[in-house]
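Chemist: compute the structure for the input listed below.
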Amino acid sequence: MSEADVAVVGAGLAGLVAARELRAAGASVAVLEARDRVGGRTLNEPLGDGQVVEVGGQWLGPTQDRIAALAREVGVDTFSTHVTGARLIEFDGRLRRYTGRIPRIGPAVLADVQQAMLKLDRLARRVPLDAPWEAPRAEHLDSQTLWSWMRRNVYTRGGRALLELATEAVWAAEPAEISLLHILFYIHSAGRFEVLLETEGGAQQDRFVGGSQLVSLRMAEELGDAVELSAPVRRIEHSSDGVLVVADGGEIRARRAIVAIPPPLCGRIAYDPPLPGYRDQLTQRMPQGSVIKCMAVYDAPFWRDEGLSGEATSDAGPAKLTFDNTPPSGSPGVLVGFLEGARARQYGRFTPAQRREAVLKGFARLFGDRAGRPDRFIERAWADEEWSRGCYGCYMPPGGWTQFGQALRTPIGPIHVWSGYMDGAVQSGQRAASEVLSALGSAVVPTG
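Modeler: Numbering: from 1, shown residues only. Modelled structure (predicted):
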């Protein structure tokens with residue numbers, strides 16, 4: 001049995017950030033990770049010659065200051081997502097090129113989408129980020145889905161189709177699955193709905209040189225032997241004297257524990273005494289999104305020579321969003337496409353060969369026959385990952401925030417539970433570390 005001041009469950013961004021902050025303050029840490037790697041839902045895929053692409057989270061943008069600062073601290077540079085050239089939109093049976101942010105579709109549809117997004121932005125500003133359940137008319141907002149709101153506030157069929165596509169892109173779920181209050185909370189956290197969708201000036205603006213997982217790999221290098229891989233935690237015993245964390249291959253006795261894994265996975269650990277029903281029922285009400293990330297690799301980004309940026313939107317799919325995912329060196333050329341929400345669940349039941357064929361047919365429809373003949377095809381179905389069970393993150397269904405939101409950050413005795421990814425993961429790790437250090441008090445002396 002090993003001992004530490006703090007046991008951290010999970011070596012994704014949140015867990016590693018928490019462990020790093022704790023060690024910097026003088027606390028001893030032990031990090032237990034179920035996978036045989038660090039990084040959680042960030043994962044690099046080698047392409048050869050030192051080039052990588054990410055099969056998990058990969059982008060950062062304006063206002064995501066925490067992940068940007070952390071990358072700088074551990075020596076990971078960023079570069080801009082390729083946006084030069086025309087975009088494509090396949091909508092209502094027609095394929096069109098356009099430049100700028102506004103696609104060439106009917107003005108009535110565009111006006112409808114714009115007015116709906118402005119309404120959502122105005123509503124979102126009234127939702128407190130630290131307590132969404134305290135928003136004005138919170139129960140009213142939380143008792144309806146985004147779909148039910150859209151039925152009353154989006155007036156064209158095309159407008160509803162575009163907002164449905166946007167919802168799948170951001171939350172990896174369908175409008176009928178997500179609480180309107182959760183949508184508003186998320187929009188407020190970004191500033192505006194449009195920021196969540198845009199590349200330049202938005203959430204997809206920048207990428208990491210060497211891949212996003214490199215940030216976690218660098219933190220794990222700093223922590224050294226404190227990180228134990230292939231050690232899924234099965235049980236946590238806790239009392240006023242501390243915690244006993246039981247994992248495959250060993251046990252850690254600690255004064256406090258941070259469980260830095262998605263809430264649905266938190267509920268799969270056995271606790272003694274058991275979690276309060278209020279907290280456990282929260283884990284039953286925070287599903288993960290559904291995403292299959294697909295990439296086609298070519299000898300060169302041929303679409304650039306044809307005046308295209310590689311960014312496309314399609315209402316036909318199966319990949320409804322595509323981007324140029326070429327490494328910063330400029331080769332090989334990579335197109336990335338996403339199957340999200342209901343489409344991910346549907347195609348997740350296909351064979352890999354059937355998925356590849358369907359996705360490449362969609363790429364060829366958008367970018368020409370050459371796009372249907374890549375040198376390599378890469379995919380990752382995150383719902384099939386045993387220690388992820390979904391991506392990009394969790395969302396709240398109707399009633400989730402007002403009935404169970406207060407349980408999300410409340411410690412259970414010496415156990416602190418947090419969730420998040422990328423910038424949110426960094427923030428949650430920092431908060432958890434601060435909370436634990438406050439609880440440990442003067443017994444932890446900073447080392448410098």
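Chemist: so which residue is smack in the middle of the protein?
Modeler: Per C-alpha atoms, centre = their mean, the C-alpha nearest to the average position across the chain is that of residue 392, at 3.2 Å.
Chemist: tell me how far it lies from residue 424.
Modeler: The gap separating residue 392 from residue 424 is 10 Å, by C-beta to C-beta, to the nearest Å. Backbone N, C-alpha and C define where each C-beta goes, glycine included.
Chemist: which residues of the protein score low on pLDDT?
Modeler: For the chain, the stretches flagged by pLDDT under 70 are 417-421, 442-448.
Chemist: check it for its longest strand and report it.
Modeler: Assignment by DSSP state E gives strand 250-259 as the longest strand of the chain.
Chemist: contact partners of it?
Modeler: With C-beta atoms under 8 Å, 6 or more residues apart in numbering as the test, strand 250-259 has contacts from 1-10, 15, 18, 30, 32, 228, 231, 236, 238, 242-245, 266, 269, 414-418, 432-433, 436, 439-440, 443.
Chemist: quick one: buried ones out of those?
Modeler: Among the contacts of strand 250-259, those classed as buried by neighbour count (16 or more other C-beta atoms under 10 Å) are 4-10, 15, 18, 30, 32, 228, 231, 236, 238, 242-245, 266, 269, 414-418, 432-433, 436, 440.
Chemist: confirm residue 238 sits in a strand?
Modeler: Yes. If the criterion is DSSP: H, G, I helix; E, B strand; the rest coil, then residue 238 is within a strand.
Chemist: immediately after the helix or strand where residue 185 lies, which helix or strand?
Modeler: In this assignment (DSSP states H and E), residue 185 forms part of helix 180-190. Downstream of helix 180-190, the first helix or strand assigned by DSSP H and E is helix 193-197.
Chemist: the following helix or strand past that next one pairs with which strands?
Modeler: Using DSSP H and E, the next helix or strand after helix 193-197 towards the C-terminus is strand 206-208. When pairs are called by DSSP bridges, strand 206-208 turns out to pair with strand 59-60 (antiparallel), strand 78-80 (antiparallel).
Chemist: now whichever helix or strand comes after strand 206-208: buried residues?
Modeler: Next along the chain after strand 206-208, taking DSSP H and E as the criterion, comes helix 213-223. Using 16+ other C-beta under 10 Å as the test for burial, helix 213-223 gives 213, 214, 215, 216, 217, 218, 219, 220, 223.
Chemist: separation between the fifth one and residue 12?
Modeler: Think residue 217. 12 Å.
Chemist: name the residues contacting each of those two.
Modeler: Going by C-beta under 8 Å, 6+ apart, residues that sit against residue 217 and also against residue 12 are 38, 39.
Chemist: ok, and the nearest residue to residue 433 once chain neighbours are set aside, which helix or strand is that part of?
Modeler: Leaving aside its sequence neighbours, residue 433 sits nearest to residue 21 (C-beta to C-beta, 6 or more residues apart in numbering; 3.6 Å). Assigned by DSSP H and E, residue 21 falls within helix 13-24.
Chemist: list the buried ones in stretch 35-51?
Modeler: Neighbour-count burial for stretch 35-51 flags 35, 38, 39, 40, 41, 42, 43, 44, 45, 47, 51 (criterion: 16+ other C-beta under 10 Å).
Chemist: scratch that, stretch 118-138 is what I was asking about
Modeler: Using 16+ other C-beta under 10 Å as the test for burial, stretch 118-138 gives 120, 121, 123, 124, 127, 132, 133, 135, 138.
Chemist: which one of those sits closest to residue 379?
Modeler: Nearest to residue 379 out of these is residue 120 (C-beta to C-beta; 32.1 Å).
Chemist: what angle sits between the helix or strand hosting that closest one and helix 180-190?
Modeler: Using DSSP H and E, residue 120 sits in helix 107-124. Orientation of helix 107-124 against helix 180-190 (axes from the mean of the first three to the mean of the last three C-alpha atoms, to 10 degrees) gives an angle of 90 degrees.
Chemist: circling back: need the residues that contact the helix holding residue 185.
Modeler: So helix 180-190 is contacted by 63, 120-121, 123-127, 129, 132-133, 135, 138, 141-142, 144-146, 148-149, 167, 170-171, 193, 196, 203, 395-398, 400-402, 424 (C-beta under 8 Å, 6+ apart).
Chemist: no further questions, thank you.
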